[in-house]
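Trainee: Return atomic coordinates for the entry below.
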Amino acid sequence: MKEKRKSELYGFSLGEYMAEVCPCCGEIFWSEQDVALMERKAKEKGIWGLEQRAKIAVAGNSLIVRIPQKLAKFLRLKKGTEVIIHPQDKDKLLIEEIPETKQS
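Mentor: Have a look, this model is predicted:
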C-alpha cells in the first residue's frame, strides 16, 4: 500500500514522500529517487555523515566518550561546555548542553 510518510534523520525533517508500506509489519520502502532527495536534503542541513562509531575510554576513575570533531562542530561544542548526561533508555545516553542562563 502506498502512502505519504515523513522522513527524518537525527530528529531533522527531510520532507514527506510517497512510500510502500508493508501491511503486515509496517516496514517502509522509499523509491530510489526519493532516497536521493532525502540524502541531498540531509547534506544541505549538514547532518549527513554525523553518525560515527566511538569507543569508551578511561580517564582516572571515569569512563569517557570522545566526540568526533565533525559532530562537535555541528553541535557547537567546545572544551569547557557544560552538559547534562542521563540515560534515555537502557541502551541510549543523552547529552544535553546546559543553556548559559541555567549555568551557575
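Trainee: Now do the contacts for residue 46.
Mentor: By CB atoms under 8 Å, 6 or more residues apart in numbering, residue 46 lies in contact with residue 74. Glycine gets a C-beta too; all of them are placed from N, C-alpha and C.
Trainee: One more: residue 42?
Mentor: Shown in contact with residue 42 (CB under 8 Å, 6+ apart): 9, 12, 14, 48.
Trainee: Please spell out the ChimeraX selection for the buried subset of the residues you listed.
Mentor: Listed next is the ChimeraX selection for buried residues among those, using 16 or more other CB atoms under 10 Å:
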select :9,14
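Trainee: Among the contacts of residue 42, name the ones in helices.
Mentor: Assigned to helices by DSSP state H, none of those qualify.
Trainee: Format the contacts of residue 42 as JSON lines; extra columns: pLDDT.
Mentor: As requested, the contacts of residue 42 are exported to JSON lines (pLDDT from 0 to 100):
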{"residue": "9", "pLDDT": "95"}
{"residue": "12", "pLDDT": "94"}
{"residue": "14", "pLDDT": "97"}
{"residue": "48", "pLDDT": "93"}
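Trainee: Walk me through the domains of the protein.
Mentor: 2-45, 56-97 (automatic domain parsing).
Trainee: rewinding a little: can you put the contacts of residue 42 in TSV and add distance to residue 68?
Mentor: As requested, the contacts of residue 42 are arranged in TSV below (distance: CB to CB, whole Å):
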residue	distance to residue 68
9	17
12	18
14	22
48	14
